[in-house]
Each structure stands twice: as structure tokens, then as C-alpha cells.
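**Q** Provided below for reference: sequence and predicted model.
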Amino acid sequence: MTPKIRPKERSAILNSLRAGVVPHVGQHHIQVDRAQEIKALLGDIDQVAEGGASVRLVIGPYGSGKTFFLQLVQAIALERKLIATRADLNPDRRLHATGGQARSLYAELMRNLATRARPDGGALASVAERFISDSLNDARARDVPPAQVIQDRLHHLTHLVNGFDFAEVVGAYWQGHESGNDQLKSDAVRWLRGEFGTKTEARTALGVRTIIDDSNSYDMLKLLARFSTLAGFSGLLVSLDELVNLYKLSNSRARNSNYEQILRILNDCLQGSAEHLGILMGGTPEFLQDPRRGLYSYEALQSRLAENTFAGKGIVDYSGPVIRLGNLSAEDLFILLGKIHHVMVSPDPERVLLPEQGIHAFMEHCSKRVGEAYFRTPRTSIKAFVDLLSVLDQNPELDWKELIGTVEISEDPDPGLEPLPTDDEGGSAPDDGLSSFTL
Amino acid sequence: MEWILGLLVLMALAGLSSKRKAPGKARPQPRRRARPTRPRSARGVSVTFGADPEEVVVEQPVARRRTASAEDCWLPFAASVAVGSTVIPGPVYFGRGLSAVNGRGLEPALIDPDRKVLWGDPDHSGNLMGYWPSYGTIDPRCRAAYLWWLSNGRRYPAAAIGYVFLFFYGLERRALHDARDSAAAREEIPKITAEVMELLNVYGPSSGSFRGYASRFLVALVSLYPDQVSESQIFSLPSFADEKHAGLELVKRRLGRAVTAEQPLAPSLALAWVRADRDYRLSTPAQRCPEAFDRLFAHLYHQQWPDGLLVKPNKTPIRQAYGPASGGLSSVALSDGHEVLPDITVLSGPRKRVQEVIDTALQMLDPYSRHVGRAGVDPHGLEAIALLPEPLRSEARRKSRAVAGLKAGLEEMLGDAPTAQVRAERLLSHAPAWQGGRLTKREYVQLAQVLAMEGYGVEPDIRFGGASPQPDAPSVLFRLPPNAPAAPSEAYAAAALMMGLAVLVTAADGVISREEGGHLEALMEDRLELAPAEKARLRAHTQLLMAAPPRVATLAKRVAPLPEAQRRATGDLLVLVAAADGYIDPSEMKLLSRVFRALNIDEQQLHALAHAAATGPVSVGIPGHGPSTGAPIPVPPSQPGAPSAGHRGGAGPSVTPTPVPGTRGRSPIDPAVLEAKLRETAAVGTILAGVFSGNEPEPEPPPVETVSAGAEPGVAGLDGPHTRLFQSLEGRTSISVEDFAGLAEGHGLLANAAFDVINGPAFDACGAPLLEEGEEGVYDIDTDIYQELLEHDT
């Protein structure tokens, strides 16, 4: 039972893969294996939808598919009527900071906020409007002033940090809508996105006393998670990728305060003080394990993240906060390439661009070119494969055997198959050599 | 006239000489100093100067007047003659007028009964004796002492050596001159030989001069009368070896004979050859422990030349002559008329090779020699035996009572077990030589050596990288299989090191789990290619490590010099050991991280391995005979020295970690794994299809539905305003964002919310949106879905 592949998904998947990045949509078409992990995360999403909270550290080495996995989970969350957002941490975006980096992370998260209808992000206004729209309907049905309904419905958020001002800003958005004041609407959205730099500015524009800053950005996420349920969604899923950037912080105080923030998130989610909130964090093994600078260096986290001592040796405990992703195996890659082929030939599943032995030949070729690691860091192999398929797609008269053969006798090393630098997880790959075979 | 002139000259000389020779200074050593004052003879006149300046005796020429033959005067062995009341036993020349062989006056050894003897005042000290004495010319007091010495058995140890020489002159003449013509004299040769040997024994040690003459005389006898004089007989004389010249001459002959007969040289002969060399001096060990040295040399010599050293004959013949002590004899050529033997002592090549063996032996013996040279040392104690070179040990061990005591004590400790963990001081209590606190390195090594000789090993062992333990520290005694190496092989060193690290890592989480212990056992038993003795040692080493875990810094020092490939392999292995219980504890991680830094390998590797260990089954295997569950970690092309490739060639332990299941290296696809993966993927597909198809098992009530209750029924469950908005999109394929906002507002809706709401049923029913953000500022409308929604509704 293969779901239909929409043309838009097809092009999104293929374009992303050719660019060496993870597609934003349609990941499920090319998902291989990882049934246990996905089941575990599905459970998390259901838990969030039911009002709980969840936090997971997705740990895997470079090329193991952390980002892909996070994107897939995000897509699942959107399907399950959660709102979801994601952001990569970098030196300017941290969980905890005093120089605006935490607010910067929050702003990035808000920009990337996605709903099912807007999977590419920019859905913050939609969420606010869904809430207002519902409130208006409610007001109409009960024949009470919409402002009253909005205030009432937001009332139970006001006991949260920033809750009062949040309610004010949502109210301002409604007023802007009501009065046709687009400036007010956009100011409200700007406030929600954390784009106000000073309190004065915010006060002038919206009449609120606070702004979203480094100290309260995480609280805003908790607030937003609850707010999403008022807007008809099931909760909020936040994916934070590249946590290795925290590990890389050389200032141990800065690092530790970020780890402390992670501890706070863990505590909130595990103890139930957060609702409708799911947080995923992706990082490399050293980020977790390094006893000097990794999470393990922070005693309190060490005990919380300690893996189940009864697990191991193939028995994996998927209920702990740490989910480990292994590298792809050759078999995984084989299936994955088959799936990409399937995406390529859609909507006609019977069409064959490259038969099974062609995939074998291609993998053989990769292993010759990049060595045996080709399936463990599959980005470049996949990219080359998509390029190959695309050449075959556009030139049906070409024989794949000749094409692969041509590649093999080429004297120039194929730059498209060379591994990317490890710190460039989402980076762009150099132009691939295969495209030059277009006839 | 001429002879008057000569006489005058000689008289002048006599005055000069008598001034120089004060009687008190006369010495019995005849040779060196005597030369200038050697009696001169000119034209048949023999003038001899007595020791007394007052008494210058000028004799009438007698040399030409042969009044007696040698046979007349010879008093053979066992015969005797009475001079007054004194009985003089043979062999001596006794009589009158026997001239010297070389014609220079009378025979010096001839006892002339006419000569005056001052019996009342014998000069036992020999002070009045001159050089080259002659019985006829010495002082009467000396004659008295000489005759006394003769009559008293010729062995009086304190006798002046001059008298011995005087007697010796006679033997020389008899053997070198008379025996050529006289059969009777020749028959006496063995007796003369025996007499000289006895004299040599008595007077050789005190007089180098006599030792030299007598030794050379013996050699001359051997050369001239090989049938009557046994070479080995005189060769075995203890004082003989010290007399290099004589020794060399004898050795030359023996060598020559061996070479001519194409016989290999016996070790004793080879040794004698080098020993007799004037320019070579055997160093202290050979002198301090001659017996041990000879045995050791013989052993090494046989090792080097199992059949003995074979030297080809050369062309240089042996030229030997004997210069007699007696003034009445000329030099005697020894080779004339006898066999011509090659003189291989002129060859430096073979001698050098022998000398090398000797040097080796000396070097080997040196520690023992130094040890026994110290005062109050038992040459049969444990310490001495430990220092003996290996070839000499077995016999020394058999004889030593200390060894027997030690052995009994160790057996008691071990019982039936292969190993016994004891406190160091208890072990030492059985080795009395080394008691008293912590042993020095040297002492401890000696102890370990002695133990090894008896078939026991001890850990820690300094030779294998341990340290001398404190008295209360643990040590492990074990049975050492035979032929155990005395130094660690590269494999063992690496294995021990790895074991140290492994124990360290294993113990990091406070306990050594059964899996971890098993892992260590398995590693030792099968994975590391060690000899049985090394295995036994490693087992003991591990036991010790577990009893007293090592420190990182100690091990790090030893790790540093390893090649990178081996360090990497070590690191990989350690991760697997730590993960053997299925889980790497943070404290283990901490330690591993320190170890990796000590190993100077990328910590990235540690994290990758630790991660892999946490995600999949772990096994440790060797390509070819490792467990079947794993396969080698594929080597990235950028790291040619990575574990599975690099370390196999070296002597290091071959351990290849295989942490990732399914990473099958060269063979790209494993059908069984592929099958399983396909099943899993299909399961994932089912799960995901459930999520993404829109036909969810648990439908959520659309949020707008409740609100629109009571309103007119809308399309696809949308409420009134949204239905109208929906309807207004009919037939369009796209709409600009502004237009859509305008439409929404026209229906009293918020545009962004309306976009979301209107897409809801599309997702639920078709799994895809109706409106989608297309190019900048435009929403695409999926007409298929539009139709589907309309139909779905009806």
C-alpha cells in the first residue's frame, strides 16, 4: 500500500535530494526501516496531542539521517494536526544566551512554524487567525462581543510567563483585523515572532510592557503550545537540530547554561509541567557522550539521560529520552535507492529507468569511488543517483550500463561523490559530475 | 803476544766488573742482567770471575783438554756418590774435566770433587752466587749450600733459585745434548721430564725466570722426544698456562698437528691458543671463575662450531728453538729433523672468531663474576644462580639447596592451581637472598629469573613491564610453561597493555560484569595470538590487574610509542569491552575519553564507536576466525591505517571491532539482511501510510464543525462562510494571495485562518491540500481535489 506521490512532492523530494538536503515534504515516500523509532515518535506525538509533553534526543553520527528523521517526524506531527517548527542551532541561535541568541532561535522557530496547510513555515499568522476565527464563530454563536470571547479564552494562559501580554497581542491582532489596521496586525505578528528589540518599541506599537527576549523565549514556546490547542491544533512540536553547536561552545559557562536549559526542558516535559509540547533535539554522539563538553559533562543531565542498562546488544529501549540512529547499511541504501527510483518514475509505477541490477551496479560504482563508507554517509551517493536517474529520465534512449560505464572510465574523480565536510550537514554539494553527461 | 794483550784487556775489565758487583747485590737470576758480564773466552783462555772481589781466579785453559766424556761423569737417577760425609744423589754430572758443550770452559753443572767446599759456612741464601753460575767457579760456601740442597732431595722450597738452575743445567745438557747420541740418556728423558715438572711445581710460582726456562725446556722435550714425553701431561700443568711463551709454542705445535690431521680444534685448544697470545689478556671473569668460564666457553664454542673449528693448514711452518739456561749449551733448534708443522697462529681470522666467542663468554659471565667477587657472597645462592649464564645454570640449580627450598615454598603456595595470588612479601619469604622490604629493580629481576628457571612466573615482572611490588602489594604466582621468553614479544606487550586498558575501562563503572569478564577471557584465550607461556603470563597479569587496577597515566606512557594503527585498534577494542555489558556508562565514557586522549587518537572515533555499540549488537572478531555475527568495520579510504587493515600485518594483537550490524563491507548486499530490512520498511510504510493517506483510523472532529452547528449544511463539512468561500473558488486553478484575502473578508473570514480551514477537509479526505502556496503571492488550487471534495460531499 504505497501512498500516491503528488507531483509537488515528487519535485520537492528530487530537488532536495539533488541539492543534498532533506526534503520538507514527502519524506515518508523514501523512508527506509526505523520502524521502532517511528513508532516511538508516533507515540510521542499522540501523547502531545492528548495534552502531554515529550522530549527526545535524536543522536546519530554524521550521515545517519538525523535531519531526515526530524523532518519526517515533523511531517507526521503536521498530519496529526499539530503545529510544528524546526530550527538549526548555530553560534547565533542558542537555547540560552544573554546576547539575543536565544531570542534569535525563537524568532527562527516562529518563522519556520508550519501547519499542515503550510508545511514550509510562515504559519504563525494562520495559527493566530484560526484562534480568532474560532473565537469569532463562538462569539457569533453565543452572541457575545468577540473581544470578550477572545479574552475569556485566553484567560487561562495569563498565569503563564508572558501570558498576559500574549493575550493582549492576540487581542491586538483581532483589533487590527477588525479595524482593517494591517500595521497593528503585522506588529502583533512581529511581537509574536520575537522581532521586537526593545520594550519601548513594543509599548508604542502594541501597548504591551514586555517583549520576547532571551530569558522568556522558552516560556513562549510553552505558551504557544497551549495556544495552539485553542486554535484548533493538537499541540506544538519543536525540532532543534545541530545541537552539536552547543557542544562546540568554548565558553564553559555559556555551554553549561545551555545544558541547564536543556535540563529545564527535560524536567518540564518529563514532569508534566509543559502541555501539548513535544521537543526533538538532534545531535551527534559526541554532543551526548563527551564527558568533558558533551551533555554527559553536566551531572544532572547525565543521570537523566543515562540509557537503560538492560538494553543494548541489539535490544533497544525506545522509551528513554535518547533515540540513537545508526548509520545506513548497504541494504538500507539499496532499498532507499529503489524508493527514490519509485519517486522518480511516479506517477507511473510500472516504468523502469534503472533495473535492480542497475542499482547494484551503481552501488558498486559508489563503493569503488568513495570506498566502503559510501552507504554510511549517503548524501553524495543519493545525489549522484538522482542525477543519474534524471539523465535517464530525460534521455530514454540511453543505456544505463553505458552510462555507469562511462562514469567509471572517466579519469576525473567525480566531485559529486566525494564526501562533504562533516560540519556541513545541510550544506550545498559541489556540482555533480554526472550532469555533464546530458546529451 | 796476542794473548798477552787479550789478558791485559780482560784484567782491566775485571777491575771494572768487580766494582759493579758488590757481593751483597748478587742475585740468582742469571739471564737478563747476566748478559753483559757473561764470561768471555778468547783464544782458549777461560776466565771466570768469582763473586768475591778478593778472589779472582784465573784458570789455565782447559777447554781443549777433554779429560772426560759425559757418560763418564753422568751420575744417573737413583745412583749416588759420597763427597765427604755428604751423599749426592743423581742425576748430576760428577767428575773432572768435562768441558761445556759449546766449548766455553768446563761444564757448569759438573760437580768437581777437587773443588773446595766450605762446609762450615754454606751460603743458603745464594747471595754469593753470580749470574750464569758454574760449579767450578762459585764460592766454596755456595758449593756447600748447593751440595746440601742436592743431598736433601732438591725440593727445599726456600732454596736460592741459583742452585736450582745449577742443577737444571745438568738436566738440560743431558736431555738436549747427550740424549742425541746416547740411548741411555734418551731413556732417561721421561724421568728428566718428571723431575723438571716437579721442580716447576715447587719453584715455578716463586721464580718467573725458572718458570720460563723450565716451561720452555719441557716444550723442547716434547718437540724433540714426542714418543717419550706426553704433551698433554705437561700441558695440564697449572703453572704452565701463565707462561705465555712456552704455552704458545706448545699450542702452536698442537694446533699445527690438529690442522695437519684436518681435525677440528677442541675447545680447550682453541681457548689455549687465544690464551697463549702475548697481546691478549683474559679479563677478570675468566680469572675469578676459571671453571665456570671454561665450561661456558666450551658450551658457546660448541654452539658456534658444533663439530669444532676447522682451520685449513697454512704455509708458514713452525720455527722453534730452545735457548738453554745453561751457559754451556747453545741454542737448540727444535724443528730440525722433526715433523714440519704449519703455524696457524700467524692467522688472525680464525683466532679472532674464537676470541669473539671468548668475549661473549666473558660478557655473559661478568655479572656472576662481579657478584661472587663481592665479599660474603654465597656462590651457590639464588642470586648467584640467577646471574649465572643460562648454560651453566642447570647444574648449579641441581646443586643449590636454596633453590630446593624456594621450590618447595612455591609449590605449597600454588597447590594444584595454575595461579596463586599472594602478597609480595610472602613470595619473598621463600627467597632468603632478597628479603627485607621492597626489592630493587635488579634484585626483583633476579628473583623473576630464578623463578622462571624453576618453571614459575610472577606478575608483576619488571622484564614484562611491571614494577617491583611493595611488600604488601598483591602479586600473582603462576606456572610458567617451558621455553618461556624472558622478554615480552611485541604481541604480548600490546596484549598486556590492552588488557591493562581493558581492565581499567571495565572497572570504571565500579564493577566488572560477567559479560565484561567473559570478554576479557575470550580475548585472551582466542583472539590474541600468543604463545602458551605468554597466555599463562597474560592470565596472571589480568588477575593482578583486576586485583590492583592500573592508572591511566602509567599505561599512557607505554601506549605512546605504538604505531597509530595499533593505537586505533586498541581504542576500538576498548570501546567494545566497555560496551560488552550492552551499555557504556558515563563514567566509562569519561575514562574512555581520557584513554583516547592518551592514545592520541581522534575522540570522534570513540563517539562513533560508542554510538554504534549502543545501536547494534557488538562483537569482537578477527577476519577469518572471528565470530560470525560481525564483520569488520569498513575502512574509509581516507584512513589507510585504520584498524581492520593496518594492524594485521604487525605483530600486534589482531582485533577487529565489528559494532555495526549489517555493514557488510565489500559484499554490498546481504540477501537475508535485505529481506529483513524490506519487511521493516514495509511495516514503516504501513504506519506512515496510516498517517499520511488521510484515512486515519481515529478521525478527529473538524474544529469548525461544532461551531457551524445549526447553520446551513456546507460542502465537505465546512461551515457557511467557508463553504461560500470554497464555492467562489470553483473553476479557478490559482488565486493571488490578495484576491483570496479579499474573498475571505468578503465572507467575513480571516484570510490565513480560512486558508487553513478550507484545506482541512482536503487533507482529511484526499491527503493533500486544496490550496497550496505556489509561486510568490499565488495560491495554487488543485481542481482534482476540488472535484473530489464536491463528490465526497454528495
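**A** Noted; the coordinates are in hand.

**Q** which residues in the stretch 401-550 of chain B form helices?
**A** With DSSP state H, counting those that start in this stretch, the ranges of helices along the stretch 401-550 of chain B come out as B:401-414, B:424-428, B:441-453, B:490-506, B:514-522, B:532-547.

**Q** same question, the stretch 1-150 of chain A
**A** Counting by DSSP H, counting those that start in this stretch, the helices of the stretch 1-150 of chain A are A:7-19, A:35-49, A:66-79, A:101-111, A:124-142, A:146-155.

**Q** can you tell which of those is closest to residue B:419?
**A** helix A:35-49 (45.7 Å; CB to CB). Every C-beta, even on glycine, is put in place using the N, C-alpha and C of the backbone.

**Q** do that closest one and chain B meet?
**A** Yes. Helix A:35-49 is in contact with chain B by CB under 8 Å from any CB of the partner chain, via A:35, A:38-39, A:42.

**Q** residues making contact with the host helix or strand of residue B:398?
**A** Assigned by DSSP states H and E, residue B:398 belongs to helix B:390-399. For helix B:390-399, contacts defined as CB atoms under 8 Å, 6 or more residues apart in numbering or on different chains pick out B:292, B:295-296, B:299-300, B:380, B:384-385, B:388, B:403, B:453-454.

**Q** pLDDT weak spots in chain A?
**A** Of all residues in chain A, those with pLDDT under 70 make up the ranges A:1-3, A:307-317, A:370-377, A:405-439.

**Q** residue boundaries of the strands in it?
**A** Assigned by DSSP state E, chain A shows strands spanning A:53-59, A:83-88, A:236-241, A:277-283, A:322-324.

**Q** may I see those organised as TSV, with mean neighbour count added?
**A** Listed next are the strands of chain A as TSV, based on neighbours: other CB atoms under 10 Å in any protein chain shown:
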stretch	mean neighbour count
strand A:53-59	24
strand A:83-88	24
strand A:236-241	27
strand A:277-283	27
strand A:322-324	23
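
**Q** put together a markdown table for these, with distance to residue B:317 on each row.
**A** Output for the strands of chain A, formatted as a markdown table (distance: least, CB to CB, whole Å):
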| stretch | distance to residue B:317 |
| --- | --- |
| strand A:53-59 | 93 |
| strand A:83-88 | 100 |
| strand A:236-241 | 99 |
| strand A:277-283 | 94 |
| strand A:322-324 | 92 |
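
**Q** from the contacts of helix B:390-399, which are also near chain A?
**A** Applying CB under 8 Å from any CB to the contacts of helix B:390-399, none is adjacent to chain A.

**Q** now residue B:149: how far from chain A?
**A** Note on residue B:149: its distance to chain A, by CB to the nearest CB, to the nearest Å, is 97 Å.

**Q** all helices of the stretch 201-350 of chain A, in order?
**A** Counting by DSSP H, counting those that start in this stretch, the helices of the stretch 201-350 of chain A are A:217-230, A:244-247, A:252-271, A:285-289, A:299-305, A:330-345.

**Q** out of the ones you listed, deepest packed?
**A** helix A:285-289 (a mean of 25; mean count of other CB atoms under 10 Å in any protein chain shown).

**Q** ok so, going back, so which of the helices of the stretch 201-350 of chain A is nearest residue B:501?
**A** So among these, helix A:285-289 is nearest, using CB to CB, at 18.2 Å.

**Q** how about the lengthiest helix in chain B: buried residues?
**A** Counting by DSSP state H, the longest helix found in chain B is helix B:349-373. The neighbour-count check on helix B:349-373 (16 or more other CB atoms under 10 Å in any protein chain shown) flags B:350-351, B:354-355, B:357-358, B:360-362, B:364-369, B:371-372 as buried.

**Q** about what we covered before: farthest pair within the residues of helix A:35-49 next to chain B?
**A** Across the residues of helix A:35-49 next to chain B (CB to CB), the longest gap, 10.3 Å, separates A:35 and A:42.

**Q** give me the common contacts of the two.
**A** residue B:687.

**Q** how about the residue in the stretch 301-450 of chain B that chain A sits nearest to, nearest residue that isn't a chain neighbour?
**A** Scanning the stretch 301-450 of chain B for proximity to chain A using CB to the nearest CB identifies residue B:421 as nearest, at 29.8 Å. Among residues not flanking residue B:421 along the chain, residue B:476 sits closest, at 5.1 Å (CB to CB, 6 or more residues apart in numbering or on different chains).

**Q** surely the one you found and residue B:543 touch.
**A** Yes. Here residue B:476 reaches residue B:543: they are 4.9 Å apart, a contact under CB atoms under 8 Å.

**Q** more neighbours, these two?
**A** residue B:476 (24 against 17; other CB atoms under 10 Å in any protein chain shown).

**Q** re the thing from before, list residues touching both of residue B:476 and residue B:543?
**A** B:419, B:421, B:459.

**Q** enumerate the residues of the stretch 101-250 of chain A near chain B.
**A** Checking the stretch 101-250 of chain A against chain B by CB under 8 Å from any CB, the hits are A:115-118, A:120, A:123, A:125-126, A:128-134, A:136-138, A:141, A:177, A:232, A:234.

**Q** repeat that for 6 Å
**A** Applying CB under 6 Å from any CB of the partner chain, we find that the stretch 101-250 of chain A lies next to chain B at A:115-117, A:125-126, A:129-130, A:132-133, A:137, A:177, A:232.

**Q** show me where the stretch 551-700 of chain B has its helices.
**A** Applying DSSP H, counting those that start in this stretch to the stretch 551-700 of chain B gives helices spanning B:552-559, B:564-578, B:586-599, B:603-615, B:643-646, B:671-692.

**Q** give me the helices and strands touching the last one, please.
**A** What that stands for is helix B:671-692. helix A:35-49, helix A:66-79, helix A:330-345 (3 or more CB pairs under 6 Å, 6 or more residues apart in numbering or on different chains; DSSP states H and E).

**Q** tell me which residues of that helix come out buried.
**A** B:673-674, B:677-678, B:680-681, B:684-685, B:687-688, B:690-692.

**Q** bridged to residue A:239, which residues?
**A** residue A:86, residue A:280 (DSSP bridges).

**Q** just checking, it touches residue A:85?
**A** No. At 7.2 Å, residue A:239 does not count as touching residue A:85 under the criterion of CB atoms under 6 Å.

**Q** can I get the helices of the stretch 201-350 of chain A in CSV including distance to residue A:385?
**A** Below are the helices of the stretch 201-350 of chain A laid out as CSV (distance: least, CB to CB, whole Å):
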stretch, distance to residue A:385
helix A:217-230, 38
helix A:244-247, 27
helix A:252-271, 37
helix A:285-289, 27
helix A:299-305, 36
helix A:330-345, 5
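
**Q** what's the closest of those helices to residue B:744?
**A** Per CB to CB, nearest to residue B:744 of the helices of the stretch 201-350 of chain A: helix A:217-230, 20.7 Å.

**Q** which secondary structure elements does that closest one contact?
**A** Checking 3+ CB pairs under 6 Å, 6+ apart, helix A:217-230 ends up next to helix A:101-111, strand A:236-241.

**Q** re earlier: closest to residue A:196 out of the helices of the stretch 401-550 of chain B?
**A** helix B:490-506 (52.7 Å).

**Q** for the closest one, buried residues please.
**A** Buried residues in helix B:490-506 (16+ other CB under 10 Å): B:491-506.

**Q** of these, closest to residue A:345?
**A** The closest of these, once distances to residue A:345 are taken by CB to CB, is residue B:505, at 51.1 Å.

**Q** might one say that the closest one is in contact with residue B:574?
**A** Yes. Using CB under 6 Å as the test, residue B:505 is close enough to residue B:574 to be in contact (5.1 Å).

**Q** how about residue B:437, nearest residue that isn't a chain neighbour?
**A** In space, residue B:437 is closest to residue B:471, 6.3 Å off (CB to CB, 6+ apart).

**Q** mean pLDDT for the helices of the stretch 401-550 of chain B: which is lowest?
**A** Of all the helices of the stretch 401-550 of chain B, the minimum mean pLDDT falls on helix B:514-522 (a mean of 68).

**Q** isn't residue B:567 right up against residue B:597?
**A** No. Using CB under 6 Å, residue B:567 is not in contact with residue B:597, being 11.4 Å away.
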